[in-house]
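**Q** A predicted structure for the sequence below; I have some questions about it.
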Amino acid sequence: MADPFDMSGRVVIVTGGSRGLGRGLTAGFLERGADVVICGRREPESPVAAAGREALFVAADVRRPDDVQAVVDAATGRYGRLDVLVNNAGGSPPADTATASPNFSRAIIELNLLAPLVFSQAANAVMQAQATGGSIVNIGSLSGVRPSPHTAAYGAAKAGLLNLTETMAQEFAPKVRVNALVLGYVRTEQADLFYGDEEGIAAVGATLPMGRMAEASDVGDLCAFLVSPLASYLTGASIAVHGGGEQPPYLRAASGTREP
């Protein structure tokens, strides 16, 4: 039986693939033999490479439809096809919900919701014309399924992304499958910006049932599964990747004890 995770000859686009989680996802696809195209507003300081192979970088702002189309055209022009799109680019700085400006909120929603829609439309147009179709993976967040204080627009956009995943799965089937990963805490080379030093990172991880944050490779393995033949009947799904989830706040506040 052929290795279902061998991606030799398959072409992948990872948005925001030059840093953070996206860089880890890109490395995972390269290690599995895929040809990978990444995009971002700034060229990475060092090439994104793994297993002796390097990703193709295309400068693009995913909020601009013309840039989105240019990335898809670069992938198909170089490799002749497009098999996988990972809508990974996103994020938000903190902002007080009561005072966040309309322009700020608009930019966050464009990045985290409208950009994945436009990119998926462009990718789907290519995939529908291929005999083998294709697969789209949207990178979601727990902020889209629970309150998101100080990142209200981001949380709302990520909630919308999950609905968008289900809708596109309905409309793009059967040739193109669309799924989402709903991420909790993920450790990347930028983790110190959010969680502090190694002690802080370990302390946050210790609050989770699995005892640690996810590594980029954990998310990459699930991406590889979702786009593999093993998931050929899976579409419209949102999979929680949170190590068991955050502890309910009431447990920290309660003064009683539980029976063993």
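**A** That came through, no problem. Residues are numbered from 1 along each chain as shown.

**Q** how long is stretch 43-56 end to end?
**A** Counting by CA to CA, to the nearest Å, the length from the leading to the trailing residue of stretch 43-56 is 11 Å.

**Q** hmm, I was thinking of stretch 30-41
**A** Across stretch 30-41, the straight-line distance between its terminal residues is 21 Å, by CA to CA.

**Q** pull out the buried residues from it.
**A** Neighbour counts using 16 or more other CB atoms under 10 Å place 30, 31, 32, 34, 35, 36, 37, 38, 39, 40 of stretch 30-41 among the buried residues. Where you see a C-beta, it was placed from the backbone N, CA and C, and this is true even at glycine.

**Q** what is the neighbour count of residue 250?
**A** Residue 250: 7 surrounding residues under other CB atoms under 10 Å.

**Q** any idea which helix or strand carries it?
**A** Secondary-structure assignment from DSSP states H and E places residue 250 in helix 249-253.

**Q** could you find the closest non-adjacent residue to residue 149?
**A** Residue nearest to residue 149 in three dimensions, not counting chain neighbours: residue 97, with 7.4 Å by CB to CB, 6 or more residues apart in numbering.

**Q** now do the contacts for the one you found.
**A** For residue 97, the contact set (CB atoms under 8 Å, 6 or more residues apart in numbering) comprises 149, 150, 152.

**Q** doesn't the first one fall inside a strand?
**A** This points to residue 149. No: counting by DSSP: H, G, I helix; E, B strand; the rest coil, residue 149 is not found in a strand; it is coil.

**Q** distance of it relative to residue 95?
**A** Using CB to CB, to the nearest Å, we find residue 149 at a distance of 10 Å from residue 95.

**Q** same check, this time on the last one
**A** Noted for residue 152: a distance of 8 Å to residue 95, by CB to CB.

**Q** what of the second one?
**A** Look at residue 150 and residue 95: by CB to CB, they are 6 Å apart.

**Q** just for the chain, where's the confidence low?
**A** For the chain, residues meeting the criterion pLDDT under 70 lie at 189-194, 255-260.

**Q** hmm, try it at 90
**A** Segments of the chain classed as low confidence (criterion: pLDDT under 90) are 1-2, 45, 185, 187-211, 246-260.

**Q** residue 120 - that's part of a helix, no?
**A** Yes: the assignment for residue 120 (three-state DSSP) places it in a helix.

**Q** quick one: it from residue 172, how far?
**A** In this structure, residue 120 lies at 8 Å from residue 172, with CB to CB as the measure.

**Q** need the residues touching each of these two.
**A** Listed contacts common to residue 120 and residue 172 are 136, 178; contacts here mean CB under 8 Å, 6+ apart.

**Q** related to what we said a few turns ago, could I have the CA atoms of the helix holding residue 250 written out in CSV?
**A** Coordinates of the C-alpha atoms in helix 249-253 are reproduced here as CSV (Å, rounded to 0.1, in the frame of the first residue of the first chain):
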residue,chain,number,x,y,z
PRO,A,249,-12.5,29.1,35.3
TYR,A,250,-14.9,28.1,38.1
LEU,A,251,-12.4,25.4,39.2
ARG,A,252,-9.8,28.0,40.0
ALA,A,253,-12.3,30.1,42.0
